[in-house]
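# below are the sequence and a predicted model; questions follow.
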Amino acid sequence: MPKKTGRTVVNVAACGALLLALTACSGGAPAARDIDLGPGPAAAGTVKKGALDGVTLTFASYGGIYQDGQETAAVKPFATESGAQVLSDGPTDYTKLKAQVDSGNVTWDVVDTDAIWAERQCGKLLMPLDTTIVDTSKLPKDMVGKCSVPAMTYGMVLMYDKSKFGANPPKDWADFFDTAKYPGKRAIPGVASDAAPGPLEAALIADGIAPDKLFPLDVDRGLKKLTSVRSSLVFWDTGARSQQLLESGEVSMAMVWTGRAYSAVKNGAKFAPQWNQFMPVSDSLAVPKNTKNPKASMALINYYLGADQQAKLTELTSYSPINSEAEPKLDALASEYVTSAPERQAQAIKLDNTWWAQNQEQIIQKWSDWLAN
């Protein structure tokens, strides 16, 4: 069991290993009305010193290097500044979160989630954020929801083999689908239970839909276009697999997450990104409904969003910062993959997460059937 002090981040699973620790981990928090976060409007990256003495929070995320980076960049400094004790838990599990809310025993105070899921659960499993506590002024407006803010951002990008197409690289998703002009296998995500932005948008653009007219998506038309190149497709089901496909040279082009693209090129893959029409993706931070400490939870989110915290997170994880004033110190290659830079955002397709949230369950069924046939 990790040593617990008054102002540290500790692992909640380890804390739960001892029966007595359950009391220590969940008790001691004053009522929300007793919390004084100080005067004036909220400023991202700040918290009143000692404002949360005696408060215990739990931060849940996806684990691994990402959660380690989140805790080093933001959660632990927040605990030090605010006086709160912040427990760590994970991985994020929507079934587990729903059980907490339904039972009225919410133990996760701030949760890192998929952005579309957060949009769909606003007002259901997640509570609206108080913008007098959470400063969203430095965030991309189209990524801020009523119940969530972006935790970081990355993208789905077209990667191509420079050794094959370097003299005449693909210019957009239409070229990705042009197997006569650009022969070879293409990799795309192919997880039956997880339809998400990417393949359908690219297919519809390749079929003649203007990028700014994509929504509402014509799913059947997109699947038909994908069927036209199916014999050339290779499906990846994990980020690690997508990176492997680039590094091994098994495909000529690929639709992959930017973090995996960066790692593959860093490891020597002879691929390059085509940023035109890349698709922004983000994780979200949210507060579960009926949490015991909503003001303290939102204070943690507000601190996490600071420019310094976001810069540090990028340096530790390669995910892009969502605070417009963040200035991470990166080498030239890593800088190329920062998707939140203004010049990069100008090349992005605008996705409609609200539409995806309203329609994702139906799309998953169609996507799963298509993959199976």
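Yep, that arrived. Numbering: from 1, shown residues only.
# after the least confident helix or strand in the chain by mean pLDDT, next one along is what?
Of all the helices and strands that make up the chain, helix 19-26 has the lowest average by mean pLDDT, DSSP states H and E, namely a mean of 38. Elements were assigned by DSSP states H and E; along the chain past helix 19-26, the next helix or strand is strand 56-60.
# name the strands paired with that following strand and say parallel or antiparallel.
The strands that strand 56-60 pairs with in its sheet are strand 85-89 (parallel), strand 110-114 (parallel) (by DSSP bridges).
# need the contact partners of the next helix or strand after it.
Using DSSP H and E, the helix or strand that follows strand 56-60 towards the C-terminus is helix 64-70. Contact with helix 64-70 is made by F59, S61, S88, G90, D112, A151, Y304, K312, L313, L316, T317, Y319, as judged by Cβ atoms under 8 Å, 6 or more residues apart in numbering. Any C-beta I mention is one placed from the backbone N, CA and C, and that applies to glycine too.
# thought the first one was touching V86?
Yes - using Cβ atoms under 8 Å, F59 is in contact with V86, at 5.7 Å.
# which non-adjacent residue is nearest V338?
Leaving aside its chain neighbours, V338 sits nearest to S320 (4.8 Å; criterion: Cβ to Cβ, 6 or more residues apart in numbering).
# my guess is that neighbour meets P342, correct?
No - using Cβ under 8 Å as the test, S320 is too far from P342 to be in contact (12.0 Å).
# neighbour-wise, which of those two wins?
Per other Cβ atoms under 10 Å, whichever of S320 and P342 has more neighbours is S320, with 26 against 7.
# where in the chain is pLDDT low?
Within the chain, the ranges that satisfy pLDDT under 70 run 1-33.
# near the residue lying closest to L351 once chain neighbours are set aside, how many other residues are there?
Once flanking residues are discounted, L351 sits nearest to P197: 5.1 Å by Cβ to Cβ, 6+ apart. Neighbour count for P197, taken as other Cβ under 10 Å: 23.
# before we move on, the earlier item: as JSON lines, the contacts of helix 64-70 with neighbour count would be great.
Formatted as JSON lines, the contacts of helix 64-70 follow (neighbours: other Cβ atoms under 10 Å):
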{"residue": "F59", "neighbour count": "28"}
{"residue": "S61", "neighbour count": "25"}
{"residue": "S88", "neighbour count": "23"}
{"residue": "G90", "neighbour count": "20"}
{"residue": "D112", "neighbour count": "24"}
{"residue": "A151", "neighbour count": "29"}
{"residue": "Y304", "neighbour count": "28"}
{"residue": "K312", "neighbour count": "21"}
{"residue": "L313", "neighbour count": "27"}
{"residue": "L316", "neighbour count": "17"}
{"residue": "T317", "neighbour count": "20"}
{"residue": "Y319", "neighbour count": "28"}
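# which of the residues you listed sit farthest apart?
Pairwise distances across these peak at 19.7 Å for G90 and K312 (criterion: Cβ to Cβ).
# for W173, see how far away the residue nearest to V338 is.
Distance of S320 to W173, given as Cβ to Cβ, to the nearest Å: 21 Å.
# for L316, same thing?
Taking Cβ to Cβ, one finds L316 at 32 Å from W173.
# then Q310?
29 Å.
# returning to what we had before: Serialize the strands paired with strand 56-60 to JSON lines and add fields for distance to V219.
Conversion of those to JSON lines gives the following (distance: least, Cβ to Cβ, whole Å):
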{"stretch": "strand 85-89", "distance to V219": "36"}
{"stretch": "strand 110-114", "distance to V219": "19"}
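# the longest helix in this protein is where?
helix 353-372 (DSSP state H).
# mind listing residues that contact that helix?
By Cβ under 8 Å, 6+ apart, the residues outside helix 353-372 that reach it are 115-117, 119-120, 145, 190, 192-197, 200, 215-217, 219-220, 223, 226-227, 235.
# next, the buried residues of that helix.
Of the residues in helix 353-372, N353, W355, W356, A357, N359, Q360, I363, I364, W367, W370 count as buried by neighbour count, 16 or more other Cβ atoms under 10 Å.
# picking up where we left off before, so the residue nearest to L351 sits right up against P189, yeah?
No - distance between P197 and P189: 9.9 Å, which falls outside the contact criterion (Cβ under 8 Å).
# which of the contacts of helix 353-372 are buried?
Among the contacts of helix 353-372, those classed as buried by 16+ other Cβ under 10 Å are 115-117, 119-120, 145, 190, 195-197, 200, 215, 217, 219, 223, 226.
# I am finished for the moment; much appreciated.
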